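Enquirer: have a look at this prediction, sequence included:
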Amino acid sequence: MAQARYAIAGQPVTHSLSPLLFGLVVANLEKFKGRVNLKFASSSLHLIETKTIEDALGWSYSEATPRVCNWEYTGVPFGKYRTETLVSKAIAHAVEVEDCDAMLVSDFDSMIELTSGAYNLYLEQAVKQNLPTNVLENEVFLNLTSPLKHQLSSDAVSAVDDSMKIQSVNSLRWDGRSWWCAGVDGLGIVSLANNFGIFAEKGAVLGLCGGGGAARSTANAWINAGGRVRTFLGKRKLELPTKTEFDVSSDPLDMAVNFDDTPCMYDDFMACPFQINPSYSRFEGDLQTRFESLRSQPLDGRWMLLAQHLEAWKCLWAPQYAQLLPSVGLLLTQLVHAENLLESYT
């Protein structure tokens, strides 16, 4: 039976919500019967706990993982009956929700407006890059997290952007014949900013603390979109391979992202009214409490996780269906409902 396989690779990954997100997006696309042709009959979800890119790529061919690890939300690995059953229940329950929760509704539309007479810009770009624009029967989709984002450098992998050049690859696709990759952390931040009415193309100033792959991707995407980036020294200095003019003005920050796991104590960074902490942990409390916590500052890392995950679908995994993907707000609403159901079984 044809199926797609999805995994997130890195260390640690046992806390990752990315497999659940992948399943939710597939379930949302399956609602568009007649317009969407997902040729695989099912999709399997996996965790690859590793510090080397070779293990991640090796899994794609052999389905072998360096070691089996339990998923925090079920207490057992993917592939086991308990996890498979609970994830299926959580996804089925969550996709019944078809409206974004009122607390997550945005006054701004981060999606590109697409009509029958307009170009799908993601599809147009994919065609230019010779990226497959149909979903094949047996595909592999991968997300990479720390410490793997800077490790991929191979002529056998075709990048749809400059993610290999800036060592910030976090998404891959094996279409059965070729490898493709992208780095969508930064695009996720740009999209998320739009969702809250902050527009890089209008020259918005983004404050960045940290120097890893996600920070490089974010700086690169924000500058390419027309925004300004001001750096704040964290554990690692933020560097890009090409000469980049970072912002040195005294203008207040429009948005701030701290990629370090310690607070960024610079005055202008702390004064920014809109901040994102890319990390996240398990939720506690009822649905109302969870939705309320998603609107507190700094924003929970689930916002960035969802935004970049959707960009992976648009840019790499299924650009032909970009206009059919759920919004960040709706997908986040569904994720909260799915997490809440999983929590009820622990």
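Expert: Structure's in. What do you need? Numbers count the residues shown, from 1 in each chain.
Enquirer: wait, a strand at residue 7?
Expert: Yes: counting by DSSP: H, G, I helix; E, B strand; the rest coil, residue 7 falls inside a strand.
Enquirer: that one and residue 43 touch, don't they?
Expert: No: Residue 7 sits out of contact with residue 43 when judged by CB atoms under 8 Å, with a separation of 10.9 Å. C-betas here are computed from N, CA, C, even on glycine.
Enquirer: those two: which is more packed in?
Expert: Per other CB atoms under 10 Å, whichever of residue 7 and residue 43 has more neighbours is residue 7, with 26 against 18.
Enquirer: bridged to that one, which residues?
Expert: residue 46, residue 142 (DSSP bridges).
Enquirer: who touches it in this structure?
Expert: 19, 45-48, 56, 59, 140-143 (CB atoms under 8 Å, 6 or more residues apart in numbering).
Enquirer: go again with 7 Å.
Expert: 46-48, 59, 142 (CB atoms under 7 Å, 6 or more residues apart in numbering).
Enquirer: same check, this time on residue 259
Expert: Taking CB under 7 Å, 6+ apart as the test, what residue 259 contacts is 209-210, 212, 214-215, 278.
Enquirer: just the buried ones from those residues, in PyMOL syntax?
Expert: Restricted to buried positions by 16 or more other CB atoms under 10 Å, the PyMOL selection for the contacts of residue 259 reads:
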select buried, resi 209+210+212+214+215+278
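Enquirer: out of the contacts of residue 259, which one sits closest to residue 153?
Expert: Distance to residue 153 across the contacts of residue 259 (CB to CB) is lowest for residue 212, with 16.2 Å.
Enquirer: quick check: the gap between the closest residue to the closest one other than its chain neighbours and residue 149.
Expert: Closest residue to residue 212 apart from its sequence neighbours, by CB to CB, 6 or more residues apart in numbering: residue 259 at 5.9 Å. According to CB to CB, to the nearest Å, residue 259 stands 11 Å off from residue 149.
Enquirer: near the closest residue to residue 293 other than its chain neighbours, how many other residues are there?
Expert: Nearest non-adjacent residue to residue 293, counting by CB to CB, 6+ apart: residue 300, 6.6 Å away. If you count neighbours by other CB under 10 Å, residue 300 ends up with 21.
Enquirer: list the contacts for residue 300?
Expert: 277, 280, 293-294.
Enquirer: for those residues, which one is nearest residue 309?
Expert: residue 280 (12.8 Å).
Enquirer: wait, the closest one touches residue 304, no?
Expert: No: counting by CB atoms under 7 Å, residue 280 does not reach residue 304; the two are 8.7 Å apart.
Enquirer: neighbour-wise, which of these two wins?
Expert: Taking neighbours as other CB under 10 Å, residue 280 and residue 304 compare with residue 304 leading, 25 against 17.
Enquirer: return whichever helix or strand the more buried one is part of as PDB; C-alpha atoms alone will do.
Expert: In the assignment (DSSP states H and E), residue 304 maps to helix 302-312. What follows is helix 302-312, C-alpha atoms only, in PDB (Å, rounded to 0.1, in the frame of the first residue of the first chain):
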ATOM      1  CA  ARG A 302       3.700  26.900  19.000                       C
ATOM      2  CA  TRP A 303       3.000  30.000  16.900                       C
ATOM      3  CA  MET A 304       6.400  29.800  15.100                       C
ATOM      4  CA  LEU A 305       6.200  26.000  14.900                       C
ATOM      5  CA  LEU A 306       2.900  26.200  13.000                       C
ATOM      6  CA  ALA A 307       3.900  29.100  10.800                       C
ATOM      7  CA  GLN A 308       7.100  27.400   9.600                       C
ATOM      8  CA  HIS A 309       5.400  24.000   9.200                       C
ATOM      9  CA  LEU A 310       2.800  25.600   6.900                       C
ATOM     10  CA  GLU A 311       5.600  27.200   4.900                       C
ATOM     11  CA  ALA A 312       7.200  23.800   4.400                       C
END
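Enquirer: any chance you could map the strands in this protein?
Expert: All strands of the chain, identified by DSSP state E, fall at 3-10, 42-49, 140-144, 157-159, 171-174, 179-182, 205-209, 228-232, 255-258, 275-276.
Enquirer: returning to what we had before: most neighbours, which of the contacts of residue 300?
Expert: residue 294 (21 neighbours).
Enquirer: spatially, what comes nearest to it if we skip its sequence neighbours?
Expert: Using CB to CB, 6+ apart, the nearest residue to residue 294 is residue 300, at 5.5 Å.
Enquirer: same check, this time on residue 58
Expert: Per CB to CB, 6+ apart, closest to residue 58 is residue 64, 6.8 Å.
Enquirer: ditto for residue 219
Expert: Counting by CB to CB, 6+ apart, the residue nearest residue 219 is residue 229, at 4.9 Å.
Enquirer: and what of residue 60?
Expert: Nearest non-adjacent residue to residue 60, counting by CB to CB, 6+ apart: residue 140, 4.6 Å away.
Enquirer: repeat for residue 310
Expert: Nearest one to residue 310, counting by CB to CB, 6+ apart, is residue 325 at 5.7 Å.
Enquirer: who's in contact with the one you found?
Expert: Residue 325 is in contact with 25, 310, 313-314, counting by CB under 7 Å, 6+ apart.
Enquirer: buried residues, the longest helix belonging to the chain. List them.
Expert: The longest helix of the chain (DSSP state H) is helix 328-344. Residues of helix 328-344 classed as buried: 328-342 (neighbour count, 16+ other CB under 10 Å).
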